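> what's the 3D shape of this:
(chains A and B)
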Amino acid sequence: MDIQSYLSKLNEDSQGVFKRTILEREKLGTLHHLSSCIYEFSDCLLDPQEKQMLVTVSMQLESATLNLVLGLYRQAFASLRLALEMGLATMYFSVNKMELHEWLDGRSDIKWSKLVDKDNGVLSNRFSNAFFSECTPYIEGYREKASSTYRKLSEYVHGNNETWDESGLKLSYNSELLEFYYASFKSTSEVILFAAVCRYTRLLDDISRESLQFIPEEFNHISEIRNLFGRS
Amino acid sequence: MSEFYLRTESIKQTDILNLSVVNSSDRNILGALKSNEPCLLEGARGTGKSFLMRVAELELEAESSNNITVFVPFNMSSLITTEDNLQFYHWMLAKTLKYLLNKLRRKGVVVSSLTVSLLSNDESDSEDGVELGLKEIVKMFEDSYKGASRLDMSSLPDIEDVKEAIQLICEENSLDKVAFFFDEAAHVFRPEQQRQFFNLFKDLRSPYITCNAAIYPGVTHFGDSFELIHDCIYKKLERNISDPDYLQYFKDIVFKQSDIKLKEDIDRQRDLFNTLALSSGGNPRILLRTLQELTKFNTSNVNSVIKSFYRNQIWVEHTELGEKYKGHQGVIDWGRDFLEKSVIPRVEDYNNSRKEKGVDESTIYFWIHKDAPEAVKEALRLLTYTGIIRMIDSAVRATRAELGTRYEIKYGCMISMEGSPHGESAEFYKNLSIKKFPEFGKNHNSYLGSDVLLQDNDEIQYKESLKSLLEKSIDVLALLTPWQKEKLKTAGIHTIENLHANTEESLIEKIYGVGPARARLMKNAANAELLEYISG
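Next up is the predicted model:
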């Protein structure tokens, strides 16, 4: 066969995975809902660069899911990991403007270790005490969630040996990987939203806060967030 | 001691079913909540209304993926102070529909505007007309109540448009129904907003839509268009301490959340637990709170917690209500005094005298004549909201065949008066008789002081609104020209009140260029505004 028939066959295999994955309407709906929440949150941000970064994060999440439904699992995990980095970087850069510009100019990279630094990172006590101190009791939990999600996704990105067998090189539907993606996506978006809530909520006016109805829905188990959004 | 969940909102949706304990009357309520008939669930704070609604939601979803359940908590909005009923109605609709849209999105039935950024242009244009309909409607309502649009009210969608949009979504996606669960729906202490809510509750109904709501006893105003019997199923969430399964039920609730040590303690000292359970008078939150206060599970701790909670803490919360809702403070404070200083001592005397006579009868009940002053009834209503008393039945015949209402005082409040509550409880409970109750007639002297209390709620609101109208700037007076407004302000007249306070002569004197005709015009402008308000 020539190159076109070869690639067409691969496309067919991919379409096969697509047809099966797309049956998971509720799971995919939930993932889309979560990236839309991040997108809607960006609407409330005043700084245009921060807004644009968060929009990019939401689009990155969507394209990660696109990879998933086409059966490109490894690529989906890589994209998801990137979204997690960028999401936390948005918060980081919002309080480190010099580093933001260095990054925009291409003079420096985003460093994960800085983002999740225990003392000065975006999910540190220092950060929450500065912006939303009532959330401090929960921040360590989210930091750990961020680190563990990142680590698990990295295993696929860096190609740890075990992951080659799991994801395989053939394009075929894999329900375990689908579940893993689903769980990781939810953790990723929860971490990004929590960091965003910590960083920005106190700056929002009543009307903006009211429009972010999904925040108390997603975080209704945290009474301090519930209170701030008007629920007792 | 174990950490307990004291509020349903603190529990993640995924954990609710694990913590759920359902007896036959709960099952009956769940049936009503899941049915196609609208259901109102009445219960005092902490009785478990939100919890039951969440369980109903989860069961409906598990039964079929074609059921869409939408939980709508009405939070304290900035709009709570609005006097504009239509604006409030629109706010409620916008919120409710947004919750629906979020749910539909989660289920994969609709997609968000994020897709517009990702799809190539031609695809995004053909966004399904149906979803567009609902989103557009939400946006129009939001713009309206935020004051962002200058839209003429008549061009806003009405409830029929909303129902049609929902019906289309259901038909397109083979959905069977949309069930709304409104929580803390009755904006307590704001009767006008409560009436608006029940208008919405009544309007939002179709073969595809059912509404259910959790409300509080005593403080709910339904409005004129709502007929309780015809317009919905009405369920009360009450757990009678005399029910045979009461103690087991509450033990099960606590066990779902207890660590091993607490379970062992409870099993070893079941009587002690029973005293606490009975004291809570059917209120899971109170039971969990009192348990949480215990440093160690033994008799002396239980006795002291019962005394401190039911003699003090529960009353503090009732009084705090008055501080939160200033307009009701007088009635709330009077009610507390009435109960603490008149009713409870009467009931105590009743019990003591029977004890002395060796009669095995005890009571936690009292009776109020049906023609007692309105203020007294209002005070009692507020006490039922807090849950300190519970209305058992009305139209009860007492001495001389007079009719009245029978109430139950929370068991804990009565038993806490004893030196050793737990010691007395077993005998006390055994001898409880609902047929025995001290009575308070039409004009009982304990009612003294209640007559001056009751300013009509509406009157207070009216006065406050009038006050705020007077404080408004003269800019709002449509009958004045810009020149006139400027002149008035230069003369130090900024508000409607200022203008009203000035006579025509003083206006002529103060403002150069204003003669009798203009002075008359200016006064008339203010008067017209005020008259319209008073008569309207």
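> Now that we're looking at residue 111, what pLDDT does it have?
Defaulting to chain A. For residue A:111, the pLDDT comes out at 91.
> Actually, chain B is the one I wanted.
Looking at residue B:111, the pLDDT reads 86.
> Run a quick neighbour tally on it.
By other Cβ atoms under 10 Å in any protein chain shown, the residues close to residue B:111 number 20. The way it works is simple: take the backbone N, C-alpha and C, and place the C-beta from them, glycine included.
> ditto for the one 3 residues further on
When neighbours are counted by other Cβ under 10 Å, residue B:114 registers 22.
> same thing with residue B:333?
Neighbour tally, residue B:333, other Cβ under 10 Å: 16.
> quick one, what contacts it?
B:319, B:322 (Cβ atoms under 8 Å, 6 or more residues apart in numbering or on different chains).
> sec struct for the residue of chain B at minimum distance from chain A, please.
Of all residues in chain B, the one sitting closest to chain A is residue B:108 (2.5 Å; Cβ to the nearest Cβ). At residue B:108 the chain is in coil, as set by DSSP: H, G, I helix; E, B strand; the rest coil.
> Quick check: residue B:181 is in a helix.
No. Residue B:181 is assigned strand when assessed by three-state DSSP, not a helix.
> pLDDT wise, what is it at?
Per-residue pLDDT puts residue B:181 at 94.
> For it, give its distance to residue B:415.
Distance, residue B:181 to residue B:415, using Cβ to Cβ, to the nearest Å: 36 Å.
> Please name the residues that touch the residue of chain B closest to chain A.
Neighbouring residues of residue B:108 by Cβ under 8 Å, 6+ apart: A:25-30, A:32.
> swap the cut-off to 10 Å and go again
Neighbouring residues of residue B:108 by Cβ atoms under 10 Å, 6 or more residues apart in numbering or on different chains: A:22, A:24-33, B:173.
> Among the residues you listed, which pair sits farthest apart?
The span of those, defined through Cβ to Cβ, is set by A:31 and B:173 at 18.4 Å.
> Those two: who's more crowded?
Neighbour totals were compared for residue A:31 and residue B:173, and residue A:31 leads with 23 against 16 (other Cβ under 10 Å).
> need the contact list for the more buried one.
Contacts of residue A:31 (Cβ under 10 Å, 6+ apart): A:24, A:61-62, A:64-65, A:68, A:181-182, A:185-186, A:189, B:106, B:108.
> Three-state assignment for it, please.
Of the three states, residue A:31 takes helix according to three-state DSSP.
> Tell me the spacing between it and residue A:74.
When residue A:31 is compared with residue A:74 (using Cβ to Cβ), they lie 18 Å apart.
> Could you confirm whether stretch B:307-326 reaches chain A?
No. For stretch B:307-326, no contact with chain A is found by Cβ under 10 Å from any Cβ of the partner chain; the gap never falls below 10.8 Å.
> Can I get that stretch as CSV, trimmed to CA atoms?
Written as CSV, here are the backbone C-alpha positions of stretch B:307-326 (Å, rounded to 0.1, in the frame of the first residue of the first chain):
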residue,chain,number,x,y,z
LYS,B,307,-28.3,21.6,80.1
SER,B,308,-26.0,24.0,78.3
PHE,B,309,-27.5,23.4,74.9
TYR,B,310,-31.2,23.3,75.7
ARG,B,311,-31.1,25.9,78.4
ASN,B,312,-28.8,28.4,76.6
GLN,B,313,-27.5,27.6,73.2
ILE,B,314,-30.8,26.9,71.5
TRP,B,315,-32.2,30.2,72.8
VAL,B,316,-29.1,32.2,71.7
GLU,B,317,-29.8,31.1,68.2
HIS,B,318,-33.4,32.1,68.4
THR,B,319,-32.4,35.5,69.7
GLU,B,320,-29.7,35.9,67.0
LEU,B,321,-32.5,35.6,64.4
GLY,B,322,-33.9,38.9,65.8
GLU,B,323,-30.6,40.6,65.3
LYS,B,324,-30.4,39.3,61.7
TYR,B,325,-34.0,40.4,60.9
LYS,B,326,-34.4,43.6,62.8
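> Now it: average pLDDT?
pLDDT averaged over stretch B:307-326 gives 86.
> Flag every buried residue along that stretch.
B:307, B:309-310, B:314-315, B:318, B:321-322, B:325 (16 or more other Cβ atoms under 10 Å in any protein chain shown).
> So which of those residues are in helices?
Using DSSP state H to define helices, the subset of those located there is B:307, B:314-315, B:318, B:321-322.
> Closest to residue B:50 out of the residues you listed?
Lowest distance from residue B:50 to these (Cβ to Cβ) belongs to residue B:321, with 19.1 Å.
> ok, that closest one - contacts?
Residues in contact with residue B:321 (Cβ under 10 Å, 6+ apart) are B:188-189, B:328-329, B:332-333, B:335-336, B:382, B:385-386.
> Just the buried residues of the residues you listed.
The neighbour count (16+ other Cβ under 10 Å) marks B:188-189, B:328, B:332-333, B:335-336, B:382, B:385-386 as buried among these.
> before we move on, the earlier item: which among the buried residues of stretch B:307-326 gets closest to residue B:100?
Nearest to residue B:100 among those, counting by Cβ to Cβ, is residue B:325 at 30.9 Å.
> do you know how far that closest one is from residue B:190?
Note on residue B:325: its distance to residue B:190, by Cβ to Cβ, is 9 Å.
> Over to residue A:148?
Plainly put, residue A:148 is 47 Å away from residue B:190 if you go by Cβ to Cβ.
> again with residue B:309
30 Å.
> in stretch B:198-212, what counts as buried?
B:198-206, B:208-212.
> Any stretches of the chain with poor pLDDT?
All of this refers to chain A. Residue ranges of chain A with pLDDT under 70: A:161-169, A:230-232.
> Let me rephrase: I mean chain B.
B:1-2, B:75-83, B:121-132, B:146-155, B:184-189, B:219-226, B:228-229, B:454-465, B:529, B:531-536.
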